[in-house]
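> sequence below, structure please.
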Amino acid sequence: MRIYKIYFAIYFILFLTLSFNSKANKNIKFSDSIPDFYKENFLRYSNFIYKDNIKTLLIYKNGWELSNPIIELNSNEQIKLCFDDLDADVKNLRYKIVHCNSDWTLSDISYFDYLDGFEENILSDYKFSFNTFQKFTHYNLLIPNDDIKLKLSGNYLIKVYDGFDEENLLVTARFLCVEKKAQIDATCNRAMMPDIALTHQQVSFKISTPINIPNPQNELKIVILQNFRWDNCISGLKPLFIGNNEYNYNHTEGNCFFAGTEFHYFDIKSVRYQAERINKIEYRKPFYYIDLIQDFPLRFKTYIFNSDLNGKYIVKIQEGENSETDADYVFVNYYLPYDYPIIDGNIYVIGGFNNWQFIPENKMSYNFEKKQYELSLKLKQGYYNYQYAFVKDGTNTADNTFIDGSHYETENEYLILVYLRENSSRYDKLIGYQVVNSNVK
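Down below sits the predicted model:
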């Protein structure tokens, strides 16, 4: 009898608990349970596309599509931002430029401090696609221009939005402006730590500047990028040695990156023939569909060199005058053989073409019948680099070594950025940068 009373008490407590939770859940709005970051128009201080009709976001120093988006202050250099609108109409687009700190948080300065011109301007440079199955409007923006000039060095974010509603975002994009006041002597070698020597690369450097820096430990801010990828950047390094306005950062720990492997690639500049890495081209009205050759995992394979673009891509059409407007959109199908689905995470296809982001559009699905991961992406004709990244459930970091491994011999490009926040200043100056290639063989 006593046992029954105990069971009854337990049952009664569970009933009350479930009833309370049920009532409580009725008062929770679904939108309130979603973090702001996942809301469509939440402002991200990164390269990001906010609308499904916007494709092929590119930003670089005008004149070279593969260049990093860095220009020198008070020079004739310009940043070029471009993207396509698949609605193929003309919108009343406007843009603003904001100054950011070295960590891409908003600077504590007014636009009067960093811009010469209007705070808001019209984006009026557009062209319509020509002779393409997918109709689109191509937009271009050059910075600086007749309407706006930069007054300070540092990090900048361009915000493009529709109409007068600044929250109706289309794209955001990062670029850098430098005032060259520091010289950087850098090398990249195989990591010195024995336990990571086979998989990592080490970036060592020293900085010299005529600027008197009383407190370099706090005033100097260093950021190192691998292949201009911000999500795995290294920051917060402190100088090991200081003397005669020179600052030594020859660390053996803290400045090492997974070397990864050379990027996968494909060429879709033409749909009239099968270029390298293309298995099949098929027209199914109204678009072309392109099957890539299967990419078998390389994690346990020996290193093989192939020349790549270090994750970037080029928009290009073989049979056209102007690739910006003549290159069409096609569906590209990726195939990654894998004996079983991974239960504690997902596989994404990432690269410069999608700003290294692991978003639902780039997530692969598992085909149980064919025992492979698959993904179809709508891309503009050109030459592409990409890699496979694993994102474990409950994390927000991408592991690009899970599928293809990491080899110290891999060729990578590293960008060292040197910022200065003087004690009396309210913003981070970008006083120098240096590109160094691994070339570790």
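> domain ranges for the chain, per the record?
Domains of the chain are assigned by automatic domain parsing as 40-178, 183-260+410-437, 264-392.
> chain center to the first one: distance?
Centre-to-centre, domain 40-178 and its host chain are 15 Å apart (Cα atoms, centre = their mean, to the nearest Å).
> so for it, mean pLDDT?
Model confidence over domain 40-178, given as mean pLDDT, is 97.
> try stretch 293-306
Mean predicted confidence for stretch 293-306 is 93.
> how far does that stretch sit from its chain's centre?
Per Cα atoms, centre = their mean, the centroid offset for stretch 293-306 relative to its chain is 23 Å.
> so which of the domains of the chain comes closest to Phe402?
Closest to Phe402 of the domains of the chain, according to Cβ to Cβ: domain 264-392, at 3.5 Å. C-beta coordinates here come from the backbone N, C-alpha and C atoms, glycine included.
> what about that closest one, start to end distance?
Domain 264-392 has its terminal residues 22 Å apart, counting by Cα to Cα, to the nearest Å.
> then stretch 133-146?
Start-to-end span of stretch 133-146 (Cα to Cα) is 35 Å.
> in that stretch, what counts as buried?
By 16 or more other Cβ atoms under 10 Å, the buried positions in stretch 133-146 come out as 134, 136-141, 143-144.
> so which of these are in helices?
If you go by DSSP state H, the buried residues of stretch 133-146 have nothing in helices.
> would a markdown table of those residues with distance to Phe300 be doable?
As requested, these are arranged in a markdown table below (distance: Cβ to Cβ, whole Å):
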| residue | distance to Phe300 |
| --- | --- |
| Gln134 | 40 |
| Phe136 | 42 |
| Thr137 | 47 |
| His138 | 43 |
| Tyr139 | 45 |
| Asn140 | 45 |
| Leu141 | 46 |
| Ile143 | 46 |
| Pro144 | 50 |
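> out of these, which comes closest to Val332?
In terms of Cβ to Cβ, no member of these lies closer to Val332 than Gln134, at 13.4 Å.
> for the closest one, give its distance to Pro286.
Note on Gln134: its distance to Pro286, by Cβ to Cβ, to the nearest Å, is 8 Å.
> follow-up on the earlier one: between the buried residues of stretch 133-146, which sits nearest His264?
The nearest one, if we look at the buried residues of stretch 133-146 relative to His264 and count by Cβ to Cβ, is Gln134, at 24.3 Å.
> check contacts around the closest one.
Gln134 makes contact with 86, 286-287, 328-329 under the criterion Cβ atoms under 8 Å, 6 or more residues apart in numbering.
> ok, now Pro286?
Contacts for Pro286 (Cβ under 8 Å, 6+ apart) come out as 133-134.
> quick one: it from Val330, how far?
Applying Cβ to Cβ, the value for Pro286 to Val330 is 11 Å.
> what's the average pLDDT for the helix or strand where Ser376 lies?
According to DSSP states H and E, Ser376 maps onto strand 372-380. Strand 372-380 shows a mean pLDDT of 99.
> please apply the same query to stretch 336-356.
Here the mean pLDDT over stretch 336-356 is 97, rounded to a whole number.
> where do the strands sit along the stretch 251-400 of the chain?
256-258, 264-267, 278-284, 287-292, 313-315, 329-337, 345-350, 365-367, 372-380, 382-392 (DSSP state E, counting those that start in this stretch).
> center of the chain, which residue is that?
Geometric centre of the chain, nearest residue: Asn355, 3.1 Å, by Cα atoms, centre = their mean.
> residues touching the nearest residue to it once chain neighbours are set aside, list them.
Among residues not flanking Asn355 along the chain, Asn47 sits closest, at 4.2 Å (Cβ to Cβ, 6 or more residues apart in numbering). Residues near Asn47 by Cβ under 8 Å, 6+ apart: 57, 59, 171-174, 355.
> looking at those, which are in helices?
Among those, no member falls in helices (DSSP H).
> could you export these as JSON lines, including distance to Lys371?
Putting the contacts of Asn47 into JSON lines (distance: Cβ to Cβ, whole Å) gives the following:
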{"residue": "Leu57", "distance to Lys371": "34"}
{"residue": "Ile59", "distance to Lys371": "39"}
{"residue": "Val171", "distance to Lys371": "38"}
{"residue": "Thr172", "distance to Lys371": "39"}
{"residue": "Ala173", "distance to Lys371": "39"}
{"residue": "Arg174", "distance to Lys371": "39"}
{"residue": "Asn355", "distance to Lys371": "30"}
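> measure Ile234 to Gln372 for me?
34 Å.
> Tyr265 now?
Tyr265 sits 19 Å away from Gln372, taking Cβ to Cβ as the criterion.
> what does Phe130 give?
Counting by Cβ to Cβ, the gap from Phe130 to Gln372 is 37 Å.
> highest neighbour count among the contacts of Asn47?
Taking other Cβ atoms under 10 Å as the neighbour criterion, Ala173 ranks highest of the contacts of Asn47 with 25 neighbours.
> mind listing what that one touches?
Here Ala173 is in contact with 47, 57, 59, 69, 81, 157-158, 160 (criterion: Cβ under 8 Å, 6+ apart).
> report the two of those separated the most.
The widest separation within those (Cβ to Cβ) is 14.8 Å, between Pro69 and Val160.
> returning to what we had before: which neighbouring elements make contact with the strand holding Ser376?
Helices and strands touching strand 372-380, by 3 or more Cβ pairs under 8 Å, 6 or more residues apart in numbering; DSSP states H and E, are strand 54-61, strand 329-337, strand 345-350, strand 365-367.
> list the buried ones in that strand?
Within strand 372-380, the residues that qualify as buried by neighbour count (16+ other Cβ under 10 Å) are 372-373, 375, 377, 379-380.
> surely Arg277 touches Asp291?
No. At 10.3 Å, Arg277 does not count as touching Asp291 under the criterion of Cβ atoms under 8 Å.
> now do the residue nearest to Thr199 when sequence neighbours are not counted, the pLDDT please.
Take Thr199 and drop its neighbours on the chain: the residue closest to it by Cβ to Cβ, 6+ apart is Ser406, 4.1 Å away. pLDDT, Ser406: 97.
> for Glu253, same thing?
In this model, Glu253 carries a pLDDT of 85.
> how near is it to Ile234?
For Glu253, the distance to Ile234 - Cβ to Cβ - is 11 Å.
> and these two? Which one has more around it.
A count of neighbours by other Cβ under 10 Å puts Ile234 above the other of Glu253 and Ile234, at 18 against 10.
> for the more buried one, which non-adjacent residue is closest in space?
Once flanking residues are discounted, Ile234 sits nearest to Ile224: 4.4 Å by Cβ to Cβ, 6+ apart.
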